[in-house]
Structure formats: structure tokens, C-alpha cells
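Novice: Compute the structure for the input listed below.
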Amino acid sequence: MATLKFVNAQLVCTINRRWVRLFIAVIGWLLSLGSMPVTAVAAPRSSARILVIVSSNSPFYEPATKGFRDGLAQREVANDIRLTFDTLTLTGVVNADRHNIDQRLHGNPDLICAIGSDAVLDLVSLHSKIPAVFCMILNPVSLGAASTVQKPGGEFTGTTLLVDPGKQLETLQIADPAVKRIGVLYTADDPTSTSFLAMAASEARSLNIALVTRPVKSDQDIGGALKSMAGKVDAMWIIADPMSTDNAALTATANFTHSANIPMLGLSPITVAQGALIALSPNYQDLGDVTAEMAASILSGLAVPATTQVRGPRATILTVNIGVAANLKLTLPADLLHLADQVIQRP
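Specialist: Numbers count the residues shown, from 1 in each chain. Just a heads-up that it's a prediction; the model follows:
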């Protein structure tokens with residue numbers, strides 16, 4: 001009996017020592033967690049104020065602006081975030097615009113959406129530390145809004161509207177094989193447009209197309225720039241550039257192509273409705289929704305701009321104006337019409 005008691009005592013001691021070692025091990029593991037690096041991600045918000053900065057009152061920006069606001073509102077319930085929106089439309093007067101943005105930043109919005117190159121450039125110049133998403137731009141790196149598209153590295157991330165320029169030019173060439181020289185207006189010294197046109201020129205050469213480009217500094221230069229291209233171009237191209245999509249530029253370019261009886265390659269369904277023959281463009285409203293999806297992730301604390309990869313268009317739209325084609329006496333290929341997402345009948 002004494003032997004049994006001794007064995008039981010040994011067993012109890014062994015078990016106790018095991019529990020002590022396990023307890024020490026658990027405490028050590030818990031303490032080690034405190035020294036592990038933790039990725040800083042914002043806590044989810046129950047409410048958020050969104051500042052939307054739009055580059056101009058051009059109808060070009062309307063679908064993306066609507067897509068962003070609607071997309072974020074739809075995600076409001078899913079993420080349990082109550083949203084309020086403040087929209088600022090820029091005037092084109094740089095100092096005044098930047099002053100107005102700075103005033104809005106003093107209100108400490110939770111997130112900023114910059115739509116268009118001018119909005120992004122102005123916001124970058126103010127060195128804001130508020131999380132921001134961009135939309136309707138071509139190249140965030142050239143605008144200073146991102147180090148790379150894979151890892152922006154700062155307070156910005158978002159979407160670009162780049163549809164391959166070669167595919168856009170090829171679409172026009174299918175509609176009108178006679179086109180060999182294409183005129184383009186762009187903002188003088190704009191780094192994004194310069195970079196885009198260099199890429200486009202390279203792809204144009206592979207299609208035996210020459211680009212005839214004219215830099216423009218203000219609306220007053222548009223008429224002279226178009227006049228200098230008379231007889232030297234077979235078509236005009238509207239690109240994603242402030243002085244190409246400006247209301248005055250769009251109207252003047254449409255009138256120029258109508259008088260010269262040449263086609264215009266548009267940038268969006270809106271520009272096709274305004275007189276362009278054809279456009280291969282992002283679905284701008286869907287692009288706004290993609291931007292909203294990224295913004296919702298940031299607001300809910302699941303992502304930060306610095307490590308969120310910049311995204312491109314999720315969907316494209318082919319728009320054709322058969323009224324313009326009839327005026328130009330062009331017979332559009334049946335395959336092209338079959339592929340069109342939108343067919344506009346008025347010239």
C-alpha cells in the first residue's frame with residue numbers, strides 16, 4: 001500500500017510539472033506576439049465623409065462620378081458605414097482651385113476621390129495625408145500619385161482608364177480604312193498626355209498611321225491649332241486630356257471634322273453622341289464602381305492605399321454612330337456593327 005501511495009505521488013508531481021511547463025510555454029508565446037510586426041490598417045468606420053473632387057464640369061466625368069457615388073452607397077449597408085458626400089468641381093483656375101481644395105481638407109474628410117488628372121495634380125500638390133482614390137486618369141506615376149501601379153506607396157490608389165491606344169486606332173481603321181493621318185489636340189507640357197501619345201505613336205506606326213499632334217495651352221489656341229491641321233489629317237482623335245475633352249475643344253473639333261468631312265475617333269459614348277464616328281472606351285460608370293469597391297475596402301479597414309494595386313478598366317464599350325457614317329458615305333462592316341455595344345443613329 002505504501003508503494004502505491006508513492007507511485008501516485010510521483011504521478012501527481014509529474015503531471016504538475018507538465019502543467020507548469022505548458023503554462024510557461026503559453027505565457028512565452030503570448031509575450032512573443034507583442035514583438036511581432038503588425039501591418040497598420042485603419043479600424044473600420046461607422047460613418048464617413050467623402051470629398052469628391054472633379055476636374056471640370058465636362059460631361060466626360062459624369063458617368064464615373066455617378067458610378068463612384070452609387071457604388072459606394074450600395075456598399076454602405078454591406079459595410080455598415082453611413083456616408084456623406086461633398087463634391088467640388090474645379091474651375092481650371094489653378095490657384096483658386098487649390099485654395100478651395102485646401103479649405104475642404106481642413107474639414108478632415110475620411111476619404112477623397114479625385115476624378116481626372118487636374119484633380120489629382122492639385123491634390124498631390126497639397127501633400128494631403130488623407131487616404132485617396134483616383135479615377136479617370138491615364139498614368140498615376142507621371143502625375144506623382146503613385147510610385148508604381150503595383151505598390152503605390154503613399155496615400156493614393158485607384159483606377160486608370162487606359163484602353164490600349166493601338167486597339168482604339170485599329171477600331172477607327174476598320175470603320176474607315178482610308179484613314180492614314182490622325183490629328184490630336186493635347187494640353188501643352190502635360191506629362192501624362194505626352195507619355196500616352198509617345199505610346200500611341202509607336203502603335204500607330206505598326207498600323208501605317210501617322211499622328212499629327214498639336215499642343216494647346218488654352219481655349220483661345222484651339223481654333224488656330226485646328227486650322228493648322230486643315231488638309232493634313234484624315235481624322236481627329238479625342239484623347240483623355242483636359243484640352244482635348246474640354247467642352248470648347250470638343251465642339252470646335254466636331255465642327256472641324258464636319259466641315260472637312262472626316263471622321264472623329266471618340267473617347268466615350270458621349271463623344272460619339274456629340275459627333276464622333278466611333279469609340280472604344282472603358283465603361284466609365286463601371287470604372288467608377290471599381291473605384292468605389294477599392295474605397296469601401298479602405299474605409300472598412302481591410303486595405304490601405306500604399307499597398308493596394310492600381311486597377312484598370314473592368315469592361316469596355318464599343319460605340320458607333322451610323323448617322324455620322326452615313327454623312328461620311330461610309331459603309332461600316334457588318335461584323336463591327338454586330339460587336340457594337342451601343343449604336344447611335346443621329347449624326
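Novice: give the contact list for the residue nearest to residue 326 when sequence neighbours are not counted.
Specialist: Computed as C-beta to C-beta, 6 or more residues apart in numbering, the closest residue to residue 326 that is not its neighbour in sequence is residue 347, at 7.2 Å. Heads up, the C-betas are built off the backbone N, CA and C, glycines and all. For residue 347, the contact set (C-beta atoms under 8 Å, 6 or more residues apart in numbering) comprises 275, 321, 323-324, 326-327.
Novice: ok, so what distance separates residue 347 from residue 116?
Specialist: The spacing between residue 347 and residue 116, counted by C-beta to C-beta, to the nearest Å, is 29 Å.
Novice: go on, residue 285?
Specialist: 15 Å.
Novice: Same check on residue 80?
Specialist: 31 Å.
Novice: can you give me the helices in this protein?
Specialist: Ranges of helices in the chain, per DSSP state H, are 2-33, 62-78, 94-105, 117-125, 165-175, 191-206, 222-228, 242-245, 247-260, 269-273, 284-299, 322-327, 334-339.
Novice: closest to residue 216 out of these?
Specialist: Closest approach to residue 216 among those (C-beta to C-beta): helix 242-245, 4.4 Å.
Novice: picking up where we left off before, can you turn the buried part of the contacts of residue 347 into a ChimeraX selection?
Specialist: Only the buried entries of those go into this ChimeraX selection, using 16 or more other C-beta atoms under 10 Å:
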select :275,321,324
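Novice: Can you add distance to residue 298 and pLDDT and give the contacts of residue 347 back as TSV?
Specialist: TSV is the format used below for the contacts of residue 347 (distance: C-beta to C-beta, whole Å; pLDDT from 0 to 100):
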residue	distance to residue 298	pLDDT
275	39	93
321	39	97
323	44	96
324	42	97
326	48	96
327	47	96
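Novice: Please work out how many residues are found near residue 337.
Specialist: For residue 337, the tally of surrounding residues (other C-beta atoms under 10 Å) stands at 14.
Novice: that older thread, neighbour-wise, which of residue 80 and residue 116 wins?
Specialist: Set residue 80 next to residue 116 and count neighbours by other C-beta under 10 Å: residue 116 wins out with 25 against 11.
Novice: so what pLDDT did the more buried one get?
Specialist: With respect to pLDDT, residue 116 has a value of 94.
Novice: same question, residue 206
Specialist: The score at residue 206 is 95. That number is its pLDDT.
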